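Visitor: Quick check, what structure comes out for this input:
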Amino acid sequence: MSLSESLSDLIPALKGTGRRRAIDKVEELDAENRRLFARLMGFDDAFMRLHQELADTRSKQAEAEEIIVTQLANLDDLHAENDSLRNELAALKVRFGPELAAEANANRIDVPCMARIGADQDTAPIDVRPLWAAADAGLLGPVTDPGHVPDLGNDATQPIPAP
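Guide: Model prediction:
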């Protein structure tokens with residue numbers, strides 16, 4: 001748009017009196033230009049911040065990729081070392097296996113069967129019968145305290161005393 005075209009657009013606005021005076025319109029346009037220029041500067045600042053954040057993000061991504069490459073190389077080295085140690089261990093087991101077995105047999109600890117203590121010992125048979133059969137045999141007393149288990153060594157036909 002040339003200067004003459006912009007002036008021709010302003011000429012109708014410059015004519016007139018009262019509220020639509022040319023000075024008021026020029027001030028109005030100047031204020032709008034300042035407002036638009038301030039917005040443009042704000043957009044420039046926002047764009048520059050976004051551009052800087054993008055650059056920072058790209059540099060952090062490059063650093064992270066370098067760390068990943070380094071860790072993958074270390075992982076490959078550790079896998080190779082683990083494989084070689086596993087092979088060496090298998091060879092040592094083959095070489096020294098008979099000696100280790102002979103040493104374990106020579107230094108074994110024997111425990112006589114009668115001195116066993118633990119969960120594998122025999123227990124007395126458990127009297128398991130249906131509830132109605134236990135009631136018919138007189139093993140159940142009146143239920144006054146549901147949390148109380150009667151001592152079956154005593155006469156179980158007697159009522160359980162209240163606490």
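
Visitor: Arg21: neighbouring residues, count only.
Guide: Neighbour count of Arg21, defined by other CB atoms under 10 Å: 14. Backbone N, C-alpha and C define where each C-beta goes, glycine included.

Visitor: Out of the helices and strands in this structure, which is least certain?
Guide: When each helix and strand of the chain is scored by mean pLDDT, DSSP states H and E, helix 3-14 comes last, with a mean of 56.

Visitor: could you give the mean pLDDT of the next helix or strand after that helix?
Guide: Proceeding N to C from helix 3-14, the next assigned helix or strand is helix 22-106, under DSSP states H and E. For helix 22-106, mean pLDDT is 93.

Visitor: so what does the helix or strand following helix 22-106 touch, helix or strand wise?
Guide: Proceeding N to C from helix 22-106, the next assigned helix or strand is helix 131-136, under DSSP H and E. Using 3 or more CB pairs under 8 Å, 6 or more residues apart in numbering; DSSP states H and E, no helix or strand is in contact with helix 131-136.

Visitor: So what touches helix 131-136?
Guide: With contact meaning CB atoms under 8 Å, 6 or more residues apart in numbering, helix 131-136 is reached by Leu140.

Visitor: could you dump it to PDB, C-alpha only?
Guide: C-alpha atoms of helix 131-136 as PDB (Å, rounded to 0.1, in the frame of the first residue of the first chain):
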ATOM      1  CA  LEU A 131     -19.400 -82.200  64.300                       C
ATOM      2  CA  TRP A 132     -22.600 -84.200  64.900                       C
ATOM      3  CA  ALA A 133     -20.500 -87.300  65.800                       C
ATOM      4  CA  ALA A 134     -18.500 -85.200  68.300                       C
ATOM      5  CA  ALA A 135     -21.800 -83.900  69.800                       C
ATOM      6  CA  ASP A 136     -23.200 -87.500  70.000                       C
END
